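*Asks:* Structure of the sequence below:
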Amino acid sequence: MARTRVGIWGVFGHGNYGNEATLTALLRRLGGTGISPVILTEEPETAARLHGVPARRVGVPAETSSRRWGRLTATMTNRAGFLRRAFGIVGSLDSVVIAGSGALEHPYAFGFPFEVWSLSLAAKLLRRPFVILNVGVDHAERRLTRWMIRRSGSNASYRSYRDTRSQEAMRRNGLRRAAQDPVVTDLAFDLTPPLAEQRDRNHVLVGIIDYWGANERSPQSVHDSYVARCAELIALLRADGHRVTIVVGDDCDRPTAREITDRVDDPGVAISPASTVDDLVGLMSQCGLVIASRYHTLIMAQMANTPSLSIGYTEKHLAMLRQLGVPAVHRDAAAFDPGEMRDLVRTALEEDSDGSNSAKVERGVALARERLAEQWPTALAAITPERGRRP
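*Replies:* Numbering: from 1, shown residues only. The predicted model follows:
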């Protein structure tokens, strides 16, 4: 009996460590199930190398043009090509899974929302199961984006969300049935990276992001302000006697990390080369506190059973912490105050002096993993179609 071929679509192979962790978790779950996964991404060569499974490109971003009509023509031509290729690729598969990676959080209709909708339409018309698995969703301001997200959800034979915030956003996008869909947690929590045996509670990790704000008129000034405040925070932590290491969650964050270390000008502040979930979680399990800007950096801190503070760019950071039942301290990346964050670090370390907060994090992560295990039989039944088994 031939193995079932399942396409897994997401923003994979782009250098985002959290997205790769999500895919790694799903691939491990699929191991030994008789399923042959195929990664669907714009970067198939990199994704295939990272994960050791076949990968295919459905389409590429539209070429840009300095002229409005040139951009419009290029975009429409490109998107028509993506839709056509989606039908060809979905026709060669037994089912399609959208797995995390923030695709339904993007505001631009003809970006990721269009790609998910194209795959969902192809799956519906070709009678292939289409599964939306533990995704994050934002409420879209633009009507066309809402329509694409809503139709994608409607075309799915199974939908689940990583938090109640995402479930509510899907409902606000117009899919009323979302209120009955399961809320589980982020797929990355299914991983169990090795943890260090010793913890230095004086060691603080600062996770940064290549931050430029969202639709600001002056993104450069937003970026410069973020860099300056991160540098000031690190200097304050060093003045308090902490060891400080900077970690990143995406390859694109490293230039920003170097900007920050140049401002701090302290040879005792290093940028970690860690880029895999095992290396990042292992490092985080050695320290006393993590300050995280990226969503999955914050998740990895929980997986390390390490108390954390969030300097985030959306409320999804806070939603995840509350879901785990751990201390939830979140400040916006655009406006956090370095002095306040230094005081919050002092408080958090004092509260965890006996390891009680670390124990809360450990229990929260254990509950997240229980939810994922409980969901898996239902999810696998949705992913594996009986009609898709080829002789």
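*Asks:* Regarding the closest residue to Gly10 other than its chain neighbours, what is its secondary structure?
*Replies:* Spatially, and ignoring its direct neighbours in sequence, Gly10 is nearest to Ser101 (3.7 Å; Cβ to Cβ, 6 or more residues apart in numbering). (C-beta placed from N, C-alpha, C; glycine too.) Of the three states, Ser101 takes coil under DSSP: H, G, I helix; E, B strand; the rest coil.
*Asks:* quick one: Ser101 and Thr46, what's the gap?
*Replies:* 14 Å (Cβ to Cβ, to the nearest Å).
*Asks:* out of these two, which sits in the busier spot?
*Replies:* The neighbour comparison of Ser101 against Thr46 (other Cβ atoms under 10 Å) goes to Ser101, with 25 against 17.
*Asks:* So what does that one have for phi and psi?
*Replies:* Main-chain dihedrals, Ser101, degrees, to the nearest 10: phi 70, psi 20.
*Asks:* Identify each buried residue in the helix or strand hosting Glu45, please.
*Replies:* When elements are assigned from DSSP states H and E, Glu45 belongs to helix 44-51. For helix 44-51, burial by neighbour count (16 or more other Cβ atoms under 10 Å) applies to Pro44, Thr46, Ala47, Ala48, Leu50, His51.
*Asks:* what's the next helix or strand after it packed up against?
*Replies:* On the C-terminal side of helix 44-51, the nearest following helix or strand under DSSP H and E is strand 55-56. Counting contacts by 3 or more Cβ pairs under 8 Å, 6 or more residues apart in numbering; DSSP states H and E, strand 55-56 is packed against strand 35-40, helix 44-51.
*Asks:* State the mean pLDDT of the helix or strand that strand 55-56 is followed by.
*Replies:* Note on strand 55-56: by DSSP H and E, the next helix or strand toward the C-terminus is helix 68-91. Mean per-residue pLDDT for helix 68-91: 87.
*Asks:* quick one: helix 68-91 to strand 35-40, angle?
*Replies:* Using axes from the mean of the first three to the mean of the last three Cα atoms, to 10 degrees, the direction of helix 68-91 lies 170 degrees away from that of strand 35-40.
*Asks:* quick one: helix 68-91 to chain centroid distance?
*Replies:* 26 Å (Cα atoms, centre = their mean, to the nearest Å).
*Asks:* and of the helices and strands packed on strand 55-56, who's closest to Arg151?
*Replies:* Set against Arg151 and scored by Cβ to Cβ, the helices and strands packed on strand 55-56 come closest in strand 35-40, at 18.7 Å.
*Asks:* And for the closest one, what's in contact with it?
*Replies:* 3-10, 12-13, 23, 26-27, 30, 47-48, 51, 53-58, 89, 93, 96, 119, 383-384 (Cβ atoms under 8 Å, 6 or more residues apart in numbering).
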